[in-house]
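A.B. asks: 3D, please:
(one chain, ligands or ions: 1)
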Amino acid sequence: MNSIKARVILLCVSLIILTALAMQFSHGWFISQHNQRQMNSQVANASYFLQQYIESRESNLRYSSNVITQDFGFRQAIATNDLPTITSMLTNHAQRIQADLMLVLNNDGELIAGNELDFPFTELANVNWLDFNRASEAGQFVEVNNRLFRLFSLPIRAPHQIGISVIAFEINGMLLEELKLKTGLDIIFQSSLSDLFLSTLNIDKAEFETILQQENLPKLWWQRSDYLLEKVALQSSLEQQIQLFLLADLSVFYQVFDRLNYSLLLLTLVIVVIAVVLSTLLARRLANPLSHLYQDLIYRATHDHLTAIFNRYAAIERITDELKRSSRNDKIYCVALCDIDNFKKINDTYGHAVGDEVLRGFAARLKTTLRSYDVLGRFGGEEFLIALQLKPEEATASFERLRTVISSTPITGGSELIPVTMSCGVCLLWPEDDVPPMDVILQAADSALYKAKDHGRNQVIFTHIPQFPVKEAEMDEEA
Ligand SMILES: Nc1nc2c(ncn2[C@@H]2O[C@H](COP(=O)(O)OP(=O)(O)OP(=O)(O)O)[C@@H](O)[C@H]2O)c(=O)[nH]1
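C.D. replies: Residues are numbered from 1 along each chain as shown. From the prediction side, this is the model:
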């Protein structure tokens, strides 16, 4: 592919991919930050909602419980320690106000009676009612028979305090599921001292303990936390043994996030494909004229405009490169300067335009005679530079053939057929010798050319660089 075209396509596609990647990255970063903020605020709202729910249910019960604590018959039953009456009244009232637990303590905090329960009444004896009573103004979470209750107390006065009424509602699985529906989060109550564990998650206490111990923070920027777990500070729970946790499952958020990401990725791919197509079209429109211009410039810089062969500098450059790179082994390198004989006379006789035509014809004839990998360049004026790689025994014949190709047939100039001869000075370079500098080679060839002119023109004179003696024997062999 044209290199300008390839570069334009590469540039456009790289820019698009870079932009798309930056978009993906910033989008991912902002969404995940947004998710994190959303989750934090959802957890905070849920925590507030839970506390409000518990407080409002508690205050409703407080209000309804006042009816019994102020009931004359109830107070009389307590004063006379009429346990059957107290139990029956507590049971009836508890059913009416939907309290799960209604107890009566004496002023010393000892349990006297309670409503009918679905677990042995003796379990209540395990609760430290004295401690509970001390902090009874605020509601308390208390574990009874491996079940969790929210309790509060009310004094029973007649008019002096004759006992304490304890009222509670149970926090059970059903209630937690209901609260989960309202908050959207998983709720976990557990005791730090016993086996009590209530949760909307499908795991047991041991598994939850493992989750608690795990560090849930992602270590690397592309990693994600699967969940957000927050401990809710309970205002008061006896000896702080009851703990409440809220857990947000982040996978739901990430599902939406991933779906968005995949559609963005797809969009990016579509954009990249469109970019490739458009940049190819753009590159074609840009590159074609540019590459023509570039090739034209290169051609002009390296070719002689009259003869359409290499100019002096391009020819010298190629010869220098070949001398550096080529492994000539058994071949010699011949650098020749060939000059049209008495060219001034042609100009003078036929005019400059015909002279130009002769120069063109001369170059063209040499070009068709030489091999494609031989170097032919216009050295200046009517002087030409030729470089051939030959076996030593081929050198004389090859240059003689060139000389004869020129002299044997006249060159057409205008309506004239003009006989032309050339003289050549050839500098021979042997493969085992060091390569002399180019100007030294050219100078040697020029001296040989001068000799050829001096000896009557239309001939080829071979030479060598003085410190690189010519292998006479090999040349003679061929001659
Ligand atoms: N038409 C034409 N003439 C050129 C061009 N470049 C150089 N010349 C002429 O070539 C002639 C070269 O003349 P000389 O240097 O005296 O050489 P010569 O007449 O060939 O004589 P010898 O080289 O000694 O055989 C000059 O008259 C230049 O003006 C060219 O591009 N076109």
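A.B. asks: I'd like to know which elements the strand or helix carrying Asn66 is packed against.
C.D. replies: Assessed by DSSP states H and E, Asn66 sits inside helix 3-69. Under the contact criterion of 3 or more C-beta pairs under 8 Å, 6 or more residues apart in numbering; DSSP states H and E, helix 3-69 touches helix 83-97, strand 147-157, strand 161-171, helix 173-183, strand 227-232, strand 242-249, helix 251-302. The way it works is simple: take the backbone N, C-alpha and C, and place the C-beta from them, glycine included.
A.B. asks: how about stretch 309-319: buried residues?
C.D. replies: Using 16 or more other C-beta atoms under 10 Å as the test for burial, stretch 309-319 gives Ile309, Phe310, Asn311, Arg312, Ala314, Ala315, Ile316, Glu317, Arg318, Ile319.
A.B. asks: contacting residues for the third one?
C.D. replies: Read that as Asn311. Thr302, His303, Asp304, Gly377, Arg378 (C-beta atoms under 8 Å, 6 or more residues apart in numbering).
A.B. asks: ChimeraX command for the buried members of these?
C.D. replies: Buried subset of these, written as a ChimeraX selection, criterion 16+ other C-beta under 10 Å:
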select :302,303,304,377,378
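A.B. asks: could you chop the chain up by domain?
C.D. replies: As given by automatic domain parsing, the domain ranges for the chain are 70-171, 312-478.
A.B. asks: just put those in TSV and tack on mean pLDDT.
C.D. replies: Below are these laid out as TSV (pLDDT from 0 to 100):
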stretch	mean pLDDT
domain 70-171	86
domain 312-478	91
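A.B. asks: looking at the stretch 51-200 of the chain, which residue is nearest the ligand?
C.D. replies: As assessed by C-beta to the nearest ligand atom, the ligand sits closest to Gly184 within the stretch 51-200 of the chain, at 93.1 Å.
A.B. asks: give me the residue from the stretch 1-150 of the chain nearest the ligand.
C.D. replies: Ile4 (34.6 Å).
A.B. asks: to what extent is the closest residue to that residue other than its chain neighbours buried, counted in neighbours?
C.D. replies: Spatial nearest neighbour of Ile4, chain neighbours left out: Ala287 (4.1 Å); criterion: C-beta to C-beta, 6 or more residues apart in numbering. Residue crowding around Ala287 was assessed by other C-beta atoms under 10 Å; the count is 21.
A.B. asks: begin at 483, not 1, for the rest of this chat.
C.D. replies: Got it, first residue is 483 now, which makes that one Ala769.
A.B. asks: does Ala769 touch Lys487 like I think?
C.D. replies: Yes - when contacts are counted by C-beta atoms under 8 Å, Ala769 is listed as touching Lys487 (3.9 Å).
A.B. asks: contact residues of the protein facing the ligand?
C.D. replies: Those residues of the chain that sit near the ligand, judged by C-beta under 6 Å from any ligand atom, are 788, 821-826, 829, 834, 837-838, 841, 863-864, 935, 939.
A.B. asks: in the stretch 833-961 of the chain, which spans are strands?
C.D. replies: 857-862, 865-872, 893-895, 898-900, 904-911, 942-945 (DSSP state E, counting those that start in this stretch).
A.B. asks: winner for burial among those?
C.D. replies: Stretch with highest mean neighbour count among these: strand 904-911 (a mean of 25; mean count of other C-beta atoms under 10 Å).
A.B. asks: export that one as CSV, just CAs?
C.D. replies: Taking C-alpha atoms only, strand 904-911 is exported to CSV below (Å, rounded to 0.1, in the frame of the first residue of the first chain):
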residue,chain,number,x,y,z
MET,A,904,32.9,8.9,-28.1
SER,A,905,36.0,8.7,-25.9
CYS,A,906,36.0,7.0,-22.6
GLY,A,907,38.4,6.9,-19.6
VAL,A,908,37.7,3.9,-17.4
CYS,A,909,38.9,3.5,-13.8
LEU,A,910,39.1,-0.1,-12.7
LEU,A,911,38.5,-1.2,-9.2
